[in-house]
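Asks: need a 3D model of the following:
(one chain, ligands or ions: 2)
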Amino acid sequence: MQQETMREVISRKSLEKRVDDLGKEISRDYAGRDLVLMTVLGGAFIFAADLCRSIGIDCSIDFVRVASYGAGTDSAGTIRLVQAPSLAVAGKDILLVEDIVDTGLTLQWLCRYFRRQEAASVKLCALVDKKQRREVALEPDYVGFTLDQGFLVGYGLDFAERYRNLPAIYTLQDEAARASKASAA
Ligand code: IMP
Ligand code: MG
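Replies: Ligands and ions are numbered 1, 2, ... in the order given. Sure, this is the predicted structure:
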């Protein structure tokens, strides 16, 4: 593991505190509703696992996975569902739990998908909001951290499937430089 190219940007302690606060806020807002935490795999798996344990109201947990064509560090904009939810979502209050909102294309696509399935409501909870790179008008309803510090890994976030197991969030300095050159090209 190339630890020397990483800089910690969100500590384990800050993650714990912020995720716990989000869970409490969600518990208050969704009291008496039919909440489904719809986790977007794979990046949100650790976030969702911690978040659901800070939620004190009844809720269900389900998973979706989408793929965007094209590899690398940017979503390419063409999205397809590779794992559909297993619960019937009509009439449910869907809270999409996502690791990062970057261009916003993935969450925009998922919102439309769940609205078409006649969810009672669709809201968005993102651990990290990279606001400056947004390409579509989309504001998550719950945000852990607003950050624009290159490419992030750890706490579920990967670079080519690596680093998901790191307990804090780091910026990959060399990869970030390469990614921004690639997207400028
Ligand atoms: P969007 O469609 O551009 O908003 O892409 C969001 C998806 O891109 C997220 O779900 C992540 O999987 C991935 N992503 C964007 N930025 C990062 C990052 O810094 N680290 C890891 N994954 C990222
Ligand atoms: Mg993701």
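Asks: okay, Gly150: pLDDT?
Replies: Predicted confidence (pLDDT) for Gly150: 89.
Asks: list the buried residues in stretch 28-38.
Replies: By 16 or more other Cβ atoms under 10 Å, the buried positions in stretch 28-38 come out as 30, 35-38. Quick note: C-beta positions are derived from backbone N, CA and C, even for glycine.
Asks: can you check the pLDDT for Tyr69?
Replies: 70.
Asks: from the chain's centroid, how far away is stretch 155-173?
Replies: Taking Cα atoms, centre = their mean, to the nearest Å, one finds the center of stretch 155-173 at 13 Å from the center of the full chain.
Asks: that one vs ligand 1: in contact?
Replies: Yes - under the criterion of Cβ under 6 Å from any ligand atom, ligand 1 is reached by stretch 155-173 at Leu157.
Asks: name the nearest residue to Ser54, sequence neighbours excluded.
Replies: Closest residue to Ser54 apart from its sequence neighbours, by Cβ to Cβ, 6 or more residues apart in numbering: Gly23 at 2.5 Å.
Asks: tell me the SS of that neighbour?
Replies: helix (DSSP: H, G, I helix; E, B strand; the rest coil).
Asks: so how far is Glu16 from it?
Replies: 11 Å (Cβ to Cβ, to the nearest Å).
Asks: which residues do those two both contact?
Replies: Common neighbours of Gly23 and Glu16 (criterion: Cβ atoms under 8 Å, 6 or more residues apart in numbering): Asp50.
Asks: so the two - more neighbours on which side?
Replies: Gly23 (19 against 13; other Cβ atoms under 10 Å).
Asks: does the more buried one touch Ala48 like I think?
Replies: No - applying Cβ atoms under 8 Å, one finds Gly23 not in contact with Ala48, separated by 10.6 Å.
Asks: tell me the phi and psi of Asp141?
Replies: phi -80, psi -30 (degrees, to the nearest 10).
Asks: which residues touch it?
Replies: By Cβ under 8 Å, 6+ apart, the neighbours of Asp141 are 123-125.
Asks: tabulate the residues you listed (JSON lines), appending neighbour count.
Replies: Formatted as JSON lines, the contacts of Asp141 follow (neighbours: other Cβ atoms under 10 Å):
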{"residue": "Lys123", "neighbour count": "19"}
{"residue": "Leu124", "neighbour count": "24"}
{"residue": "Cys125", "neighbour count": "25"}
